[in-house]
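Dropping the sequence and predicted coords here.
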Amino acid sequence: MSESVPRYWREIKIRERLIGSKCEDCGRITFPPRKVCPYCRSRKLTEVELPKKGKLLSYSVVRKPPAEFEKYAPYVIGIITLENGVNVISQLTDIDLKDVKIGMELEGVLRKYREEGEEGLIHYGIKFRPRIK
Amino acid sequence: MKPIVVGVGMTKVGEHWDESLKSLAVEASLEAIDSSGLTPEVIVFSNMMSGRLQVQDHLGTLLADELGLRGLPAVRVEAACASGGVAFHVAYNMIKSGIYKVALVVGAEKMSDTSTEQTTTALMTAEDREYTGFYGASFVSLNALAHRLYMEKFNVSEEEMASLAVLSHENGVNNPFAMYRRKISTKEVLESPYVADPIHLLEAAPISDGAAAVVLASEEVAKTKSSVVSVEASTVATDAIRYYEREDLLTFESAKKAFMNAVSASKIEKDQIDILELHDAFTIVGYLTLESAGIAERGKAAKLVASNKFTLSDKPAVNTMGGLKSRGHPIGATGLYQISELYLQLTNNAGKNQVDNAKIGVAFNVGGVGTTTSVSVLKRR
């Protein structure tokens, strides 16, 4: 599925820098950013950039992908718990499937997600790779 | 005032190359209307993906026209895989309100008009497009995240994880409406390819076409009929749309809340349930539903099924007509198949799989990864 340029453009900051929101009342951080805190319903939320380091909580290998990811399969999808305790979902990169382990330390890097054909948009976002010490 | 089920209708689930979304919905609706002997005053149409798969919306009005019922009020309800249960909830409340006396609620989905990849994209609309779909997750892979975590946390084997699929197929053999009427072994499940590791192909409900319909009537209208099945409760609850945001990834808060509310509305406790329809789109969804509702202990559901609990001779008997895995899972129709199957059991019309003296039936219809759950409680009066 192709996306309009504005639809892609308005999400860039959030997807490429991991911008979430912090509740001024209860202190909880959520990703993506939102207008109402899901924990205390406060509307006093401010944007915060999330840490790019975390640990792998669970993962799967997508072998039957959605149409727009057809040529990239198989690839690894995981839930990553960031250093501040916030969970995000992302693809894993720079790793062999046999080396993927729950609990492994990861870090976020900017990568390409997909292309919309020859002349369409190129989608970029954060992917997570094994942390380089 | 309790709404009464006065008629049901189902098409066989399968790949219906010679049928359209419209013709399937008409077939199930006419059967339900005919078996009720009543004319509906309102139509509720359950469907998830027609806009993407058939490039057709406005389904309520479309069906009213096809059924020769032009002029009737009609609505379409969508709540991903829970569309059917949520549509039933809407019709239930329409009757309960007293404004309508007879409601037709029909669910239909036609998934074989598009490629597997296109259908996979459409199914992912159950989650947040911008922050889950963007990353290339498939709907199966989201459930696989839960599946892996469950195995890891509760030390559950692959064989135990497969057991609900085996149970559903065992029962589906005798359901004339089921898509796959054959038994499968644990070995066959584990030897089938991964769709999204660690979920095997034979642990995932198939892409299917089908329609199921139910006619609900007020007690007053139903008095003139010989109907014996009442709806004691119909509840809906929701959870975070993005699975990864849940505080406890192994509890379906929506199933917990919807079941708690159903128990308090119906005064029917879990140990009174004779027939239990679980939403086994993936085996993990069935296990987490059982545990979240408190019907199985946390971490024990897969082990219970693997030790031959929940068979036809047990109480409750689970997925007595094959569940989603064997009967099939035409998304918007699934919740109405569950209700129709409970109705067959409660009216002693379930054929070879009839559970003796079945009085109470409960269906859990789940959308997303436990994101929306609808619970329906039916009783033979």
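Nice, I can see it.

so what's the backbone phi/psi at residue B:76?
Residue B:76 adopts backbone torsions of phi -110, psi 140, taken as degrees, to the nearest 10.

now swap in residue A:111 and tell me
phi -140, psi 170.

now residue B:211
The phi/psi pair for residue B:211 (degrees, to the nearest 10) is phi -150, psi 140.

show me the contacts for it.
Going by CB atoms under 8 Å, 6 or more residues apart in numbering or on different chains, residue B:211 touches B:10-11, B:24-25, B:27-29, B:106-109, B:330, B:333. In this view, the C-beta of every residue, glycine as well, is placed from N, C-alpha and C.

how about TSV for the residues you listed, with pLDDT, neighbour count and secondary structure added?
Output for those, formatted as TSV (pLDDT from 0 to 100; neighbours: other CB atoms under 10 Å in any protein chain shown; DSSP: H, G, I helix; E, B strand; the rest coil):
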residue	pLDDT	neighbour count	secondary structure
B:10	98	25	strand
B:11	98	24	coil
B:24	98	25	helix
B:25	98	33	helix
B:27	98	21	helix
B:28	98	27	helix
B:29	98	28	helix
B:106	98	34	strand
B:107	98	35	strand
B:108	98	33	strand
B:109	98	31	strand
B:330	98	34	coil
B:333	98	33	helix
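
In a markdown table: those, plus distance to residue B:202.
Putting those into a markdown table (distance: CB to CB, whole Å) gives the following:
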| residue | distance to residue B:202 |
| --- | --- |
| B:10 | 24 |
| B:11 | 24 |
| B:24 | 25 |
| B:25 | 29 |
| B:27 | 29 |
| B:28 | 27 |
| B:29 | 32 |
| B:106 | 30 |
| B:107 | 25 |
| B:108 | 26 |
| B:109 | 21 |
| B:330 | 19 |
| B:333 | 22 |
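
immediately after the strand or helix carrying residue B:343, which helix or strand?
Counting by DSSP states H and E, the element that carries residue B:343 is helix B:331-346. With elements assigned by DSSP H and E, the helix or strand that comes after helix B:331-346 is strand B:360-367.

angle of that next one against helix B:331-346?
Using axes from the mean of the first three to the mean of the last three CA atoms, to 10 degrees, the direction of strand B:360-367 lies 170 degrees away from that of helix B:331-346.

The first helix or strand past strand B:360-367 going along the chain near chain A anywhere?
Tracing the chain past strand B:360-367, the next element assigned as helix or strand by DSSP H and E is strand B:372-380. No - residues of strand B:372-380 are not located near chain A by CB under 8 Å from any CB of the partner chain, the shortest gap being 15.9 Å.

What pairs with strand B:372-380, parallel or antiparallel?
Using DSSP bridges, the strands paired with strand B:372-380 are strand B:229-238 (antiparallel), strand B:360-367 (antiparallel).

Deepest-packed of these, please.
Among the strands paired with strand B:372-380, judged by mean count of other CB atoms under 10 Å in any protein chain shown, the one packed with the most neighbours on average is strand B:360-367 (a mean of 29).

Please name the nearest non-neighbouring residue to the spatially most central residue of chain A.
Note on chain A: the residue nearest the mean C-alpha position is residue A:90, at 4.1 Å, using CA atoms, centre = their mean. Of all residues beyond its chain neighbours, the one nearest residue A:90 is residue A:128 (5.2 Å), with distances taken as CB to CB, 6 or more residues apart in numbering or on different chains.

In the stretch 1-150 of chain B, where is pLDDT below threshold?
Under the criterion pLDDT under 70, no range of the stretch 1-150 of chain B is flagged.

Near chain A, which residues of it are found?
Counting by CB under 8 Å from any CB, the stretch 1-150 of chain B comes close to chain A at B:115-118, B:120-121, B:124, B:130-138, B:140-142, B:144-149.

Just the buried ones from the residues you listed?
Listed as buried from the residues of the stretch 1-150 of chain B next to chain A are B:117-118, B:120-121, B:124, B:131-138, B:140-142, B:144-149; burial here means 16 or more other CB atoms under 10 Å in any protein chain shown.

if I pick residue 88, what's in contact with it?
Reading this off chain A. A:18, A:31, A:50, A:54, A:79-80, A:82, B:244 are the contacts of residue A:88 under CB under 8 Å, 6+ apart.

Actually, chain B is the one I wanted.
Residue B:88 touches B:44, B:46, B:105, B:214, B:234, B:335-336, B:339, B:374, B:376, counting by CB under 8 Å, 6+ apart.
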